[in-house]
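Asks: Following is a predicted model, sequence given first.
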Amino acid sequence: MLKTRIITALVLLAVLLPVLYFANPVAFAVVVTAFFGAAVWEGFRLFNPGSSRALLISLAWSAAFCYSFFFGAHTQPLFWFAISALIWLLRFVPSLKIGLPPLGSTANTMLSLTYAIAIVACFAAIVTLFRHSPAYLLSVMVLVWIADIGAYCAGKAFGKRKLAPSISPGKSWEGAIGGALAVLVLAAASIVFGGAALADTFAVHLQARFGWAVLALVLIVVAAASVVGDLFESQLKRRAGVKDSSKLLPGHGGVLDRIDALIPVLPLAALIDTWL
């Protein structure tokens, strides 16, 4: 399994890094649209297990996304970022407490459309942050990865109080706090010691514009949002009775399994970026 995970990760890096740094707009559009389509396909299957329409739905949404965000002249990404923040705050966060509607119900259909909107907002944020710069986009993603790694290490070392035992028994409050602290420490280090190499990053811009207190507050929210995104997808998988969102990425599961924590965070970062 470890060998498979490493091979898949290397292949993804070999594809994604050149696309990011060679700044080829066509290649970027193709790769982003492909991953978007995969995420929509997986999401539809989680809400509608066994449905034969998943591929058709994902192709239709992918075509609409590609046209709107790469060829459309009147797309307003700010709308998607704002609506994403409201969706997560008002609908998805409460679901971690109250649960999900039954599969096949009208409420489930409405929730699936809402989650699709959240996926659109996530990929719209990828496009927007990339247009700022590839390093800027990666700097936001790195915050989420640091939170995840920090939470795993802290949870292994100190985890006692379960965060959401009915959704993801392995997660603990100590892990979540450890992940947030890791983000704070490493972001502060990047600002103090990063110099010119890390000048064009989200944390540096945020601190320069609003100061240390606002930076700390935003980073804590980012770390918390990444946990919520992870937990919500785990909730969807548990209800659907599957371990992974798909098997598209051998050793890693599906695309949603890799970006679940990014779905609430990237639109939030893009929304904040409008004030920077």
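Replies: Looks like it came in fine. Numbers count the residues shown, from 1 in each chain.
Asks: okay, CA-based contacts and neighbour counts for the rest of this
Replies: Noted.
Asks: Just to check, residue 248 is in contact with residue 257?
Replies: No - using C-alpha atoms under 8 Å, residue 248 is not in contact with residue 257; the gap is 10.2 Å.
Asks: the more surrounded of the two?
Replies: Applying other C-alpha atoms under 10 Å to residue 248 and residue 257 shows that residue 257 carries more neighbours, namely 21 against 13.
Asks: correct me, but the more buried one touches residue 242?
Replies: No - counting by C-alpha under 8 Å, residue 257 sits too far from residue 242 to count as a contact (11.7 Å).
Asks: just checking, next helix/strand downstream of the helix or strand containing residue 124?
Replies: If you go by DSSP states H and E, residue 124 is part of helix 106-132. Using DSSP H and E, the helix or strand that follows helix 106-132 in sequence is helix 134-158.
Asks: next one: that next one to chain centre, how far?
Replies: Relative to the centre of its chain, helix 134-158 is centred 12 Å away, using C-alpha atoms, centre = their mean, to the nearest Å.
Asks: Quick one: work out the angle between that helix and helix 106-132.
Replies: 120 degrees (axes from the mean of the first three to the mean of the last three C-alpha atoms, to 10 degrees).
Asks: Name the residues that touch helix 134-158?
Replies: Contacts to helix 134-158, defined as C-alpha atoms under 8 Å, 6 or more residues apart in numbering, come from residues 20-21, 126, 129-130, 171-183, 187, 200-203, 222-223, 226, 261-262, 265-266, 269.
Asks: same deal with stretch 259-276?
Replies: Contacts to stretch 259-276, defined as C-alpha under 8 Å, 6+ apart, come from residues 78, 80-82, 84-85, 88, 118-119, 121-122, 124-126, 128-129, 140-141, 144, 202, 205-206, 209, 222, 225-230, 233.
Asks: Can you mark which positions in it are buried?
Replies: 259-271 (16 or more other C-alpha atoms under 10 Å).
Asks: Looking at the protein, which strand is longest?
Replies: As assigned by DSSP state E, the longest strand anywhere in the chain is strand 168-172.
Asks: between the helix or strand just after it and strand 168-172, how many degrees?
Replies: On the C-terminal side of strand 168-172, the closest following helix or strand by DSSP H and E is helix 173-193. Put simply, helix 173-193 runs at 50 degrees to strand 168-172, going by the same axes, to 10 degrees.
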